[in-house]
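**Q** what's the 3D shape of this:
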Amino acid sequence: MAVTGISTACILVVAACVLTQCSAEVFSALTHFSTLVKSEEKLAAELQAYIAAEQERLSRLHRFADEVGRAVKSSQDRGPEEHIGHPTNAFLMVRRFTHDWKKLYSSLQSVPREGKDLVSMLERMKKGFPTPADVSGTGAALLRLQETYRLNTSSMADGMAGSKGQRLSVSDVFHLGLMAYAENKFSHAKKWLQETYRRLYAGEADPDISESDIIDHLAYSEFKLGNVRRAVRWTKKLIHLQPSMQRAHTNLRYYLTVFREQVKNGTAFAPPLPPVVPSYEEDVWLSERGRYLYLCRASVPTPDFVASQQICFYSNRNRTPGLILQPAKVEVAWVRPTILLYRDILSDTEIARLKELATPLLRRATVHNPATGKLEFAEYRVSKSGWLSDEMDPSGVVTRINRRITDYTGLSMTTAELLQVVNYGIGGQYEPHFDHARKEEKAFDDHAGRNRIATMLFYLSNVTAGGNTVFTRAGARVAPSKGDATFWYNLLPSGEGDATTRHAGCPVLSGSKWVCNKWIHEGDQEFRQPCKLGESDYWDIHQPPEYL
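**A** A predicted model of the protein is given here:
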């Protein structure tokens, strides 16, 4: 949204210039009336231009108000969390606060008295507005979702039809194209720039976007993708639109040189190879990222040796007092590594309390740098987290949950880390990682409990789409289910790290993902889970007799 107009000062300046040419004694000579007629003609023309500009300004304000009104109504109808849980809605809200509202604020500095209340409100609130970094973050999230889930560009730009997302404007679409272009993601840049071009030709104009701007970026994107012929065609079109653009002429000469070289090599007209989509069984040559994306996108068939051991049962762990009246509901979700799924381990009341305690503490999540052992931000982990101790909760919910973890797992919480509550934002993810430290890493050198022996991961919300926990080396996938928890050992009984526990949190496509994790350390587990001698031995935790 742009808010422009001719200031009333312009009219006053014209009026002053015209009237100073006239004498005060107009009535004494008729010829002076002729001068006034010409003066009024000039003033009338300037007034009409001013009114037209004001009408255009008000028309833009009306369009912006309608856009905001639709967003507010959607939020009221569906609830704020569900509304913002849709990625395009979240992106558009951040864009409005960083671009449209700030532009409106600047344009209202010289408004009449009636607009001063709005100016004052914007003045008070603008310190809490999102920053350009937030726009970059939400834009990057949309591109990440597009790559992970192979989303169609036009569908995303239309708000992912059927999913109650708001439609992106041509300006928003172009902005995403430029973001991908700046990050050298030319495949994504090409798609978003083509969508911008399509909309421009469909009549969806924007005064800040020219055909030349789109073609300029499209041509270079095509070149970087190896489509030299298309780069030549786009650049010729750009020169037709901007004959004096020297850079376009230089680029064209270079593109033609490359193209002639391709003609000599016989590669200029070779059709591109069709994409190969491997099956999971052929993942020997797939990179870890390929397995990660594959597991996030589609359900992988469960191998027979796993399916035969996927059982469910009630357990009181040898009559543990906390489980006698209400036994644990246990499912074996996977073997090697053994991943247990505990159903209904948390109540809605407990979940609400955890969120209430953690919300004011949420900060951008960090990871351990394996080289230094220090905590730092990382692009592969996009979320906010807060840590909860027993002392922070007078109601005793945190203490009760920690005791319950001991009842379910038989492990001591003496050296465990605090409960960590995590909320994932738009496209929030945690790429493949280990929870434990490997031999060469220093992450827990100073921790009294040594390495992380096990992980308990609670799901505090359902997720509309995406957000699965996947184990990239094992091929396992667990979908978030509110009130449930997954549990696995990070270390083998020998104390060595279990490489099959490498896991990730897939990007949240739609909805809000809340989890709570407990990292349990080796310290004080000596008599609860004795070590075994063989390095390849596994914990025997998935058979019912171990629990009854």
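
**Q** how about the helices in the stretch 351-500 of the chain?
**A** Secondary structure of the stretch 351-500 of the chain (DSSP state H, counting those that start in this stretch): helices at 397-409.

**Q** Point out where it drops to low pLDDT.
**A** Residues of the stretch 351-500 of the chain that meet the criterion pLDDT under 70 lie in 365-382, 445.

**Q** ok, now the chain?
**A** 1-33, 109-115, 161-163, 268-286, 365-382, 445, 530-548.

**Q** ok, Gly497 - contacts?
**A** Counting by Cβ atoms under 8 Å, 6 or more residues apart in numbering, Gly497 makes contact with 434, 436-439, 451, 490-491. All C-beta atoms are positioned from the backbone trio N, CA, C, and that covers glycine.

**Q** Emit the ChimeraX select command for whichever of the residues you listed are buried.
**A** To isolate the buried ones among the contacts of Gly497 in ChimeraX, judged by 16 or more other Cβ atoms under 10 Å, type:
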select :434,436,437,451,490,491
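
**Q** tell me the two of the contacts of Gly497 that are most distant?
**A** Within the contacts of Gly497, Lys439 and Asn490 form the most distant pair, 13.6 Å apart (Cβ to Cβ).

**Q** Check the gap between Arg230 and Leu218 for me.
**A** 8 Å (Cβ to Cβ, to the nearest Å).

**Q** Comparing those two, which residue is more hemmed in?
**A** Leu218 (25 against 17; other Cβ atoms under 10 Å).

**Q** close enough to count as contact, that one and Gln194?
**A** Yes - Leu218 lies in contact with Gln194 (Cβ atoms under 8 Å); the separation is 7.0 Å.

**Q** dump the residue contacts of Leu241.
**A** When contacts are counted by Cβ under 8 Å, 6+ apart, Leu241 touches 211-212, 215.

**Q** which one of those residues sits closest to Ile51?
**A** Using Cβ to Cβ, Glu211 comes nearest to Ile51 of the contacts of Leu241, at 30.4 Å.

**Q** Now do the same contact list for the closest one.
**A** The contact partners of Glu211, taken as Cβ under 8 Å, 6+ apart, are 197, 200, 241.

**Q** State the helix or strand in which the second one lies.
**A** Counting by DSSP states H and E, the secondary-structure element that holds Leu200 is helix 186-201.

**Q** And that helix, how far out from the chain middle?
**A** Remark: helix 186-201 is offset 20 Å from the chain centroid, using Cα atoms, centre = their mean, to the nearest Å.

**Q** which one is Thr160 nearest to, not counting chain neighbours?
**A** If you look again at residue 160, you'll see it is Met, not Thr. In space, and not counting its chain neighbours, Met160 is closest to Thr88: 6.6 Å by Cβ to Cβ, 6 or more residues apart in numbering.

**Q** now Ile84
**A** Excluding the flanking residues, the one nearest Ile84 by Cβ to Cβ, 6+ apart is Ala90, at 5.0 Å.

**Q** from what I can see that neighbour touches Ile426, true?
**A** Yes - with contact defined as Cβ under 8 Å, Ala90 counts as touching Ile426 (4.3 Å).

**Q** Which of the two has more residues huddled nearby?
**A** Between Ala90 and Ile426, counted using other Cβ under 10 Å, Ile426 has the larger neighbour count: 29 against 21.

**Q** Now do the more buried one against Ala141, distance only.
**A** Remark: distance between Ile426 and Ala141 (Cβ to Cβ) = 4 Å.

**Q** Leu341 too?
**A** From Leu341 across to Ala141, the span is 28 Å (Cβ to Cβ).

**Q** Would you map the strands across the stretch 151-300 of the chain?
**A** For the stretch 151-300 of the chain, no strands are identified by DSSP state E, counting those that start in this stretch.

**Q** Just give the number of residues close to the nearest residue to Phe434 once chain neighbours are set aside.
**A** Closest residue to Phe434 apart from its sequence neighbours, by Cβ to Cβ, 6+ apart: Arg502 at 5.7 Å. Neighbours of Arg502 under the rule other Cβ under 10 Å: 21.

**Q** Also Gln326?
**A** For Gln326, the neighbour count with other Cβ under 10 Å is 10.

**Q** try Leu325
**A** Leu325 - counted by other Cβ under 10 Å - has 7 other residues nearby.

**Q** Need phi/psi at it.
**A** Phi and psi for Leu325, reported as degrees, to the nearest 10, are phi -80, psi -30.

**Q** separation between it and Asn89?
**A** Here Leu325 is placed at a distance of 44 Å from Asn89 (Cβ to Cβ).

**Q** again, but for Ala352
**A** 24 Å.

**Q** Next: Leu104.
**A** For Leu104, the distance to Asn89 equals 20 Å [Cβ to Cβ].

**Q** So these two - more neighbours on which side?
**A** Ranked by neighbour count (other Cβ under 10 Å), Leu104 and Asn89 place Asn89 first, with 23 against 20.

**Q** What residues does the more buried one make contact with?
**A** Residues near Asn89 by Cβ under 8 Å, 6+ apart: 71, 74, 83, 159, 165-166.

**Q** In helices, which of the residues you listed fall?
**A** 71, 74, 83 (DSSP state H).

**Q** Check the residues you listed against Gly177 and report the nearest one.
**A** Taking Cβ to Cβ as the measure, Ala71 is the one of these closest to Gly177, at 22.8 Å.

**Q** then the helix holding Leu200 to CSV, C-alphas only?
**A** Extracted C-alpha coordinates of helix 186-201, given in CSV (Å, rounded to 0.1, in the frame of the first residue of the first chain):
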residue,chain,number,x,y,z
PHE,A,186,17.3,-19.2,-8.3
SER,A,187,14.9,-22.0,-8.8
HIS,A,188,12.5,-20.5,-6.3
ALA,A,189,13.2,-17.0,-7.6
LYS,A,190,12.2,-18.0,-11.1
LYS,A,191,8.9,-19.4,-9.9
TRP,A,192,7.9,-16.4,-7.9
LEU,A,193,9.1,-13.9,-10.5
GLN,A,194,7.1,-15.8,-13.2
GLU,A,195,4.0,-15.6,-10.9
THR,A,196,4.6,-11.8,-10.6
TYR,A,197,4.8,-11.5,-14.3
ARG,A,198,1.7,-13.5,-14.9
ARG,A,199,-0.3,-11.4,-12.4
LEU,A,200,1.1,-8.2,-13.9
TYR,A,201,-0.2,-9.2,-17.3
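
**Q** May I see the buried residues of that helix?
**A** Using 16+ other Cβ under 10 Å as the test for burial, helix 186-201 gives 186, 188-200.

**Q** and if you look at stretch 329-341?
**A** Using 16+ other Cβ under 10 Å as the test for burial, stretch 329-341 gives 330-341.

**Q** Distance check, Gly396 against Ala437.
**A** Distance from Gly396 to Ala437, by Cβ to Cβ: 32 Å.

**Q** Can you name the residues bridging to His521?
**A** Here His521 sits in beta bridges with Arg452, going by DSSP bridges.

**Q** And for it, the neighbour number?
**A** By other Cβ under 10 Å, the residues close to His521 number 25.

**Q** OK, contacts around it?
**A** Neighbour list for His521: 415-417, 444, 447-453 [criterion: Cβ under 8 Å, 6+ apart].

**Q** CSV for the residues you listed, including distance to Ser510?
**A** As requested, those are arranged in CSV below (distance: Cβ to Cβ, whole Å):
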residue, distance to Ser510
Thr415, 38
Ala416, 33
Glu417, 30
Phe444, 36
His447, 37
Ala448, 41
Gly449, 38
Arg450, 40
Asn451, 36
Arg452, 31
Ile453, 35
